[in-house]
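Novice: A structural model of the following input is requested.
(one chain, ligands or ions: 1)
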Amino acid sequence: MPEKELVNLTVDGQTVQAPKGTYILEAAKTVGIQIPHYCYHPGLSVVGSCRMCLVEIEKLPKLQPSCATPVAEGMVVRTKTPETLRNRKFVLEFLLSNHPLDCPVCDQAGECELQNYYMEHGLYDSRFDENKTKRKKAFPIGPYVILDQERCILCTRCVRFTREISKTSELGVFKRGHHSEIDVVPGFELNNPYSGNVVDVCPVGALTDRDFRFKCRVWFLGRTPSICPGCSRGCNIEIHFNEHFNPRYHEQRVHRLKPRYNKEVNGHWICDEGRYSYHSIDAPNRLKAPALKKDGSFRQSTWESVIQEAAKALKQALLAHGPEGVAVLASPQMTNEELFCARRLFVDELKIKNVEFSVPFNGTVYSDDFLITADKNPNAKGAALILPSGIGIENLLNLCAEGRIHVLYIIQHDLTRGYDLKKIEAALDKVDCVIFQGSWDQATAALAGIQLPAAVYAEKAGTFTNVQGRVQKFQAAIPPVGESLPDLEIFSKLAAELDVHPDSTAAADVFRSIGENMEAYAGMTFQTLGEGGQLLNQGK
Ligand code: FES
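Specialist: Model prediction:
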């Protein structure tokens, strides 16, 4: 694509170069100048209706909307003149004239642009003696969103989102003049796969998240960049967790997920399925402690004992039956680093050939032509590249059912999602020792003899390779629940017990080894991945 012509201008005395067609507001951002705005959102069409972003442009008699005025050669823009500051104060006074004084009880407090800009640019004494207009207060407009019409400033970002992004058009502006209000189209509700994004685009507290409301004040939240593991798209997200002491939460836990901008993957958006998937992190069935099955029921144990038991079972099976007597079922839920360590340990060192990672899913899945993919695994591409070609899950289950597999090491999978429970029970029953390494207690975990509780994505660092072949990293936001451990630590303990040189437990170190050993990832490190990720080397 031909490069766009660059235009030179100055903003508040700073020289700025921006591609032709860029709006002043965006050009100013590139040199750290933030121009206050309400109706403008970089992911939506421009309407220029709120007038908050007006700036002075030399040689033009009136203030101009910076969100709707493209840069021009030699333009001289001033964003902090007495006239622009006076305008912002008046816009705020106008917007707040009918805005209720809900701040102490509003869930948006701390991230409300009315509050923030009032403190920066308002600070006037109210001249409003009339009664404020009464509108409908907090009411659900869909499964995830609550609307408070009194708080709305009619920026129409939410309306444009449903028209331009989700393309579902459930929201609109109804009535005229100062009776105008946002509402759902009669007979409809805001129920589309991306509905939670309207909460993110709302600059005030008019649209709030039913899931998050009143759970935690936003100033208690820490933020860690991460990757959604809900499907192979790998949307960029931020994990928000309680960072500071909060009497309701004694541990650091996740409170919400927010989209993180990545032009190449998800833009500004995420789907509702991914947004609310964080509940699984603290689901009641999380495996929290290592356990061994005795007389048909699990007994909590220590890491030392379970690793010794697992290593003993593996050693005995390898000695008695050779590598053919052992099978490993890895998972496309695993990170590139975990897959690499699993390969080094089980394939390169223990010479096990009965390896597979792909298990069919028997239910129905939703996918679309926007973000949501049908593959609900975040790293199928990485697994296919890093592990040797699999023996096929049907073959593996047949070998188990024939009694030819003596130790089966399952990582993350619940086989009953793809097969009848009876078939799985019959196959696993013939295996002397089933080791389950995973995060949740589910039907397959219950059939194992040894349970190794593993951390989930929010509790560890790593990389996933998404459906486009983009390698993206994520960091731990919170500590692992209970006694669970990141998979890299589990592999390291097991390797040490098996007298195999253990790999590093630091994801960045293991990823560097991947970059040194695998052509598709050649030259990549956590540093080169940056915030936006990096495409696999061509042809891979
Ligand atoms: Fe420019 Fe609203 S942000 S007019």
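
Novice: Where does the prediction get shaky in this structure?
Specialist: Scanning the chain for pLDDT under 70 picks out the ranges 1-2, 244-250, 539-540.

Novice: near the ligand, which residues of it?
Specialist: 37, 38, 39, 40, 48, 49, 50, 51, 52, 53, 65, 67 (C-beta under 6 Å from any ligand atom). C-beta here means a position set from N, CA and C on the backbone, and glycine is covered the same way.

Novice: Tell me the spatial nearest neighbour of the fifth one, not counting adjacent residues.
Specialist: Once its chain neighbours are removed from consideration, residue 48 has its nearest residue in residue 68; the separation is 3.9 Å (C-beta to C-beta, 6 or more residues apart in numbering).

Novice: My guess is that neighbour contacts residue 26. True?
Specialist: No: in this structure, residue 68 is not within contact of residue 26 by C-beta atoms under 8 Å, at 11.2 Å.

Novice: circling back to that earlier point, and the residue nearest to residue 48, how many neighbours?
Specialist: Neighbour count for residue 68, taken as other C-beta atoms under 10 Å: 16.

Novice: Got the phi and psi for it?
Specialist: For residue 68, the backbone dihedrals (degrees, to the nearest 10) come out as phi -130, psi 0.

Novice: Next, the buried residues of the biggest helix by length in the chain.
Specialist: Longest helix in the chain, counting residues (DSSP state H): helix 303-321. For helix 303-321, a neighbour-count test (16 or more other C-beta atoms under 10 Å) marks 303, 306, 307, 309, 310, 311, 313, 314, 317, 318 as buried.

Novice: quick one: contacts for the third one?
Specialist: The reference is to residue 307. Applying C-beta atoms under 8 Å, 6 or more residues apart in numbering to residue 307 gives the contacts 452, 490, 493, 494, 497.

Novice: got JSON lines for those residues, with neighbour count and distance to residue 266 too?
Specialist: Listed next are the contacts of residue 307 as JSON lines, based on neighbours: other C-beta atoms under 10 Å; distance: C-beta to C-beta, whole Å:
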{"residue": "452", "neighbour count": "26", "distance to residue 266": "33"}
{"residue": "490", "neighbour count": "25", "distance to residue 266": "31"}
{"residue": "493", "neighbour count": "21", "distance to residue 266": "36"}
{"residue": "494", "neighbour count": "24", "distance to residue 266": "36"}
{"residue": "497", "neighbour count": "18", "distance to residue 266": "41"}
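
Novice: Of those, which is the nearest to the ligand?
Specialist: residue 490 (50.7 Å; C-beta to the nearest ligand atom).

Novice: what about that closest one, is that helix, strand or coil?
Specialist: Under DSSP: H, G, I helix; E, B strand; the rest coil, residue 490 falls in the helix class.

Novice: Where does the nearest residue to it once chain neighbours are set aside fall, secondary structure wise?
Specialist: Closest residue to residue 490 apart from its sequence neighbours, by C-beta to C-beta, 6+ apart: residue 452 at 5.4 Å. Per DSSP states H and E, residue 452 falls inside strand 450-453.

Novice: Name the next helix or strand downstream of that strand, please.
Specialist: Next along from strand 450-453, by DSSP H and E: strand 462-465.

Novice: Work out the gap between that next one and the centre of the chain.
Specialist: When distances are taken as C-alpha atoms, centre = their mean, to the nearest Å, strand 462-465 is centred 13 Å away from the chain's centroid.
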